[in-house]
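Trainee: Sequence below, structure please.
(chains A and B)
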Number of protein chains: 2
Amino acid sequence: MKKLINQRAWFIICFISLSFHFCEGQETDDSRPATTNVRGAEYPRVHPDGSVTFRIKAPDAQKVEIQLDKRYDMVKGLDSFWTVTTNAQVPGFHYYTLIINGVWVADPSSESFFGMGRDASGIEIPEKGVDYYSAKNVPHGEIRSKWYYSKTTAGWRRVFVYLPAEYENSNARYPVLYLQHGGGEDERGWPIQGRANFIMDNLIAEGKAKPMIIVMDCGYAVKTGDTVNTSPGTQQKGFAGMMRQISGFEEVMINDLIPTIDAAYRTKSGRENRAMAGLSMGGMQTLVITLDNLDKFSYIGCFSGAGRPGAVDFDIKKEYKGVLSDSLAFNNKVKLFWVGIGTNEPQMMYKGVYGFHETLTKAGIKHVYYESPGTAHEWLTWRRDLYDFAPRLFR
Amino acid sequence: MKKLINQRAWFIICFISLSFHFCEGQETDDSRPATTNVRGAEYPRVHPDGSVTFRIKAPDAQKVEIQLDKRYDMVKGLDSFWTVTTNAQVPGFHYYTLIINGVWVADPSSESFFGMGRDASGIEIPEKGVDYYSAKNVPHGEIRSKWYYSKTTAGWRRVFVYLPAEYENSNARYPVLYLQHGGGEDERGWPIQGRANFIMDNLIAEGKAKPMIIVMDCGYAVKTGDTVNTSPGTQQKGFAGMMRQISGFEEVMINDLIPTIDAAYRTKSGRENRAMAGLSMGGMQTLVITLDNLDKFSYIGCFSGAGRPGAVDFDIKKEYKGVLSDSLAFNNKVKLFWVGIGTNEPQMMYKGVYGFHETLTKAGIKHVYYESPGTAHEWLTWRRDLYDFAPRLFR
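Mentor: Down below sits the predicted model:
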């Protein structure tokens, strides 16, 4: 113990910054700290009914709010702690925001997750009786962080690659799913918020999905010569600026990423062994890229991103370079065309995807249409999408 | 273009949350957005002299501050943007905090980095003429995210494993360095803030360091049956609570992690092929664990974490189970004992490490002592430590 005592001061220095998390609480109910909290943070706490109690010390703030499913006013106590307990939340992962005197920031008690264009707070509400996205006692694959050079963007890019548990000790080759995040997120979305590795570990262990490689890249890519001007006041705004941020992604995928992955790993190349899926913005990117490159992809997954918001129809003969105009040829060529939406997503999104599905049906385009019951434009919808989509691949 | 127009509404929905980053700026100088900013964020901006301009919109805040090298008051402009330009900063990576009406939070314009016990903001100040921790055009190793079950903690743990670029296409076996983060950080510290993979890629490409496997685990581990009570008000505070959070780490390393790594990868096992190093709290853990297990380690690195703060001496005969009492035996057994500190670290830390070094010298204990000029208890000190330490390993 002497040795420890001697190190006491060191550890205190090392830990001092942690100590503010060990705040005192008043509750003695059966709530539990959210699994998405940082180490040692007692709040936010999730109650058995899915409601959440938030708590933060802010002696000098005039107004403190939480933006979750809606905006909640926190109430200041005599101890200078502001607290609020929310309505019961839908299970799954929700981004949320702490608002201090009108400024939207991340809650220091929560882990941060890159979403909404910033490192945002997130909270996991347990889903009773559901464990397909939990870390279970099954063989676990690895997620590899790989850096590769993109000629398209003239820069180094980080991509995450999931390799099934059996990969390391086998000589087999594997098919590949390219899986994209949504707008305001990046390559961290699927491995962290989406739990793609646990979903696949569990599906593969149960024999429900074929072992496959999953490639998770960042959907943003600006072509060289089209560099975003970062000097103040010149940043392009609105739709044009948005489009420019993803203008180079199709070229990155086709010319830089796919060759990199096929060279680096034991992949089965060829369209019959290659799938692409994505959510929201990534679903739109998937639709455009796969339909532009049907010689490279034969499995397509659009998660909450297909068709046009609010539109109930689109010109199937003309759009997507007309590849959907000949249903017979398309059905023969594409092995899986999967379209999904959550029933609680914004009506404009729901109508757009549902309308897209109906148009495909009328035109005789074979596809799978899936609705996630009771979920919004959020990660639980997309975890369910992957859970339904992945088992259908490479059959 | 029709297709894009049709998708316009989608993209706007997808990107809407990004748009607030496209804020207008006033400056027209040669400052640049920090490389640690989130995509699209124009502030903070780093000036050529290393000073930083911070800017945030907060119409309803009474007081906005930045805590970096010191606390800076931000000034509110007529446009409701608060701004401040700091003193010139030392190069390297610095954590910083945005303070809104007294509440310490992360800056939404910055990427978050787990440090100080929370997802904190960080800013990278370029170091002129130095590129050993940059992504260069050399073969890049992979960092693998591996989940393993710990009997010690009765839970799943994530560990990051760096494998050199040549690993994938060779059958060779490699020595292993176990590399630990500091207090209030976790396994993300070395791969992200530390840039350990780029440092090693560059050293290996230049032939300065031997290809090796680097294992980066989380230093926190609570033994089963010693579970931290998370119910409100019962969280242990102070030194005891701190110690309990790492009480199980030595057992995790020896009984769970090392066997996992040796089973999963082509390692050279045996003490002559195993090193351990760590920074701050991780340096103390390294000292305790390696000296407790000299049958398993022959290379030891203490980065800003050795000795006792402020102490100029310690009882070398009695401490660490007396393994340092016989210098001849120790010098024969340990191939490298490396101790480092930054010259601008807090005096108590500097004195502790310097005193430790002097005591070793007096006792005839062979060791390397390194001082990082002009750096504090921060990541640039530890990047330099790794850059000096790694080439000395496994010779």
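Trainee: okay, CA-based contacts and neighbour counts for the rest of this
Mentor: OK.
Trainee: what's the spacing between residue A:383 and residue A:213?
Mentor: Taking Cα to Cα, to the nearest Å as the measure, residue A:383 and residue A:213 are separated by 17 Å.
Trainee: Residue A:258 now?
Mentor: With the distance defined as Cα to Cα, residue A:258 ends up 12 Å from residue A:213.
Trainee: same deal with residue A:254?
Mentor: Applying Cα to Cα, the value for residue A:254 to residue A:213 is 17 Å.
Trainee: more crowded one of these two?
Mentor: residue A:213 (26 against 14; other Cα atoms under 10 Å in any protein chain shown).
Trainee: Can you read off the pLDDT for that one?
Mentor: Looking at residue A:213, its pLDDT reads 98.
Trainee: Run through the bridge partners of it.
Mentor: Residue A:213 has these beta-bridge partners by DSSP bridges: residue A:176.
Trainee: OK, contacts around it?
Mentor: Applying Cα atoms under 8 Å, 6 or more residues apart in numbering or on different chains, one finds that residue A:213 lies in contact with A:161, A:162, A:163, A:164, A:174, A:175, A:176, A:177, A:267.
Trainee: out of the residues you listed, which is most surrounded?
Mentor: residue A:176 (30 neighbours).
Trainee: Next up, the contacts around it.
Mentor: Counting by Cα under 8 Å, 6+ apart, residue A:176 makes contact with A:212, A:213, A:214, A:215, A:267, A:268, A:273, A:274, A:275.
Trainee: Kindly report the same for residue A:48.
Mentor: Contacts of residue A:48 by Cα under 8 Å, 6+ apart are A:30, A:31.
Trainee: what does residue A:80 give?
Mentor: Taking Cα under 8 Å, 6+ apart, one finds A:57, A:58, A:59 in contact with residue A:80.
Trainee: Give me the distance between the nearest residue to the first one once chain neighbours are set aside and chain B.
Mentor: Looking back up the chat, that one is residue A:57. Leaving out its chain neighbours, the residue that sits closest to residue A:57 by Cα to Cα, 6 or more residues apart in numbering or on different chains is residue A:81, at 4.2 Å. Distance of residue A:81 to chain B, given as Cα to the nearest Cα, to the nearest Å: 11 Å.
Trainee: So what's the residue count around residue A:81?
Mentor: Residue A:81 has 16 nearby residues by other Cα under 10 Å.
Trainee: how much space between it and residue A:43?
Mentor: For residue A:81 relative to residue A:43 (Cα to Cα), the value is 12 Å.
Trainee: Pull up the overlap in contacts between those two.
Mentor: Here residue A:81 and residue A:43 share the contacting residues residue A:55, scored by Cα under 8 Å, 6+ apart.
Trainee: got a markdown table for the contacts of residue A:80, with pLDDT and neighbour count too?
Mentor: Shown next, in a markdown table, are those (pLDDT from 0 to 100; neighbours: other Cα atoms under 10 Å in any protein chain shown):
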| residue | pLDDT | neighbour count |
| --- | --- | --- |
| A:57 | 97 | 18 |
| A:58 | 97 | 20 |
| A:59 | 96 | 16 |
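Trainee: Please flag which of these sit within strands.
Mentor: Per DSSP state E, strands hold the following members of the contacts of residue A:80: residue A:57.
Trainee: which residues in the stretch 151-300 of chain A form helices?
Mentor: Remark: helices assigned in the stretch 151-300 of chain A by DSSP state H, counting those that start in this stretch are A:196-205, A:238-246, A:249-251, A:258-264, A:281-292.
Trainee: So which elements touch the last one?
Mentor: Using 3 or more Cα pairs under 8 Å, 6 or more residues apart in numbering or on different chains; DSSP states H and E as the contact definition, the elements that helix A:281-292 packs against are strand A:176-180, strand A:274-279, strand A:299-303, helix B:2-15.
Trainee: Test of understanding: give the bridge partners of residue A:277.
Mentor: Bridge pairing for residue A:277 - DSSP bridges - gives residue A:179, residue A:301.
Trainee: hang on, it packs against residue A:177?
Mentor: Yes - with contact taken as Cα atoms under 8 Å, residue A:277 and residue A:177 are classed as touching, separated by 7.3 Å.
Trainee: Export the helices of the stretch 151-300 of chain A as CSV, with columns for distance to residue A:369.
Mentor: Compiled in CSV, the helices of the stretch 151-300 of chain A are given as follows (distance: least, Cα to Cα, whole Å):
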stretch, distance to residue A:369
helix A:196-205, 20
helix A:238-246, 27
helix A:249-251, 25
helix A:258-264, 28
helix A:281-292, 14
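Trainee: And for residue A:173, the neighbour number?
Mentor: Residue A:173: 15 neighbours (other Cα under 10 Å).
Trainee: same question, residue A:77
Mentor: When neighbours are counted by other Cα under 10 Å, residue A:77 registers 11.
Trainee: Check residue A:79 too.
Mentor: Using other Cα under 10 Å, residue A:79 has 9 other residues around it.
Trainee: quick one, what contacts it?
Mentor: Counted by Cα under 8 Å, 6+ apart, residue A:79 has zero contacts.
Trainee: What helix or strand is it located in?
Mentor: Assessed by DSSP states H and E, residue A:79 sits outside every helix and strand.
Trainee: Look up how far chain B lies from it.
Mentor: Using Cα to the nearest Cα, which is the criterion applied here, residue A:79 is 14 Å from chain B.
Trainee: Likewise for residue A:355?
Mentor: Between residue A:355 and chain B the distance is 14 Å, computed by Cα to the nearest Cα.
Trainee: doesn't that residue fall inside a helix?
Mentor: Yes - per DSSP: H, G, I helix; E, B strand; the rest coil, residue A:355 lies within a helix segment.
Trainee: I figured residue A:63 hits residue A:102, correct?
Mentor: Yes - counting by Cα under 8 Å, residue A:63 touches residue A:102, with 7.5 Å between them.
Trainee: Find residues that contact each of those two.
Mentor: In contact with both residue A:63 and residue A:102: no residue, using Cα under 8 Å, 6+ apart.
Trainee: where does the nearest residue to residue A:102 once chain neighbours are set aside fall, phi/psi-wise?
Mentor: Spatially, and ignoring its direct neighbours in sequence, residue A:102 is nearest to residue B:60 (6.0 Å; Cα to Cα, 6+ apart). Residue B:60 adopts backbone torsions of phi -110, psi 10, taken as degrees, to the nearest 10.
Trainee: Might you report the residue contacts of residue B:60?
Mentor: A:101, A:102, A:103.
Trainee: Filter these down to just the ones in strands.
Mentor: Checked against DSSP E, the contacts of residue B:60 include these in strands: residue A:103.
Trainee: ok, the host helix or strand of residue A:149 near chain B or not?
Mentor: Secondary-structure assignment from DSSP H and E places residue A:149 in strand A:142-150. Yes - Strand A:142-150 lies within reach of chain B by Cα under 8 Å from any Cα of the partner chain, at A:142, A:143, A:144, A:145, A:146, A:147.
Trainee: Return the member of these nearest to residue B:346.
Mentor: residue A:145 (35.1 Å; Cα to Cα).
Trainee: Surely the closest one is in contact with residue B:144?
Mentor: Yes - assessed by Cα under 8 Å, residue A:145 is found in contact with residue B:144 at 6.1 Å.
Trainee: Look up which residues are beta-bridged to residue A:33.
Mentor: Applying DSSP bridges to residue A:33 gives these bridge partners: residue A:45.
Trainee: Now do the contacts for it.
Mentor: Residue A:33 sits next to A:41, A:42, A:43, A:44, A:45, A:46, B:230 when contact means Cα under 8 Å, 6+ apart.
Trainee: So what's the residue count around the fifth one?
Mentor: Close neighbours of residue A:45, defined as other Cα under 10 Å, add up to 26.
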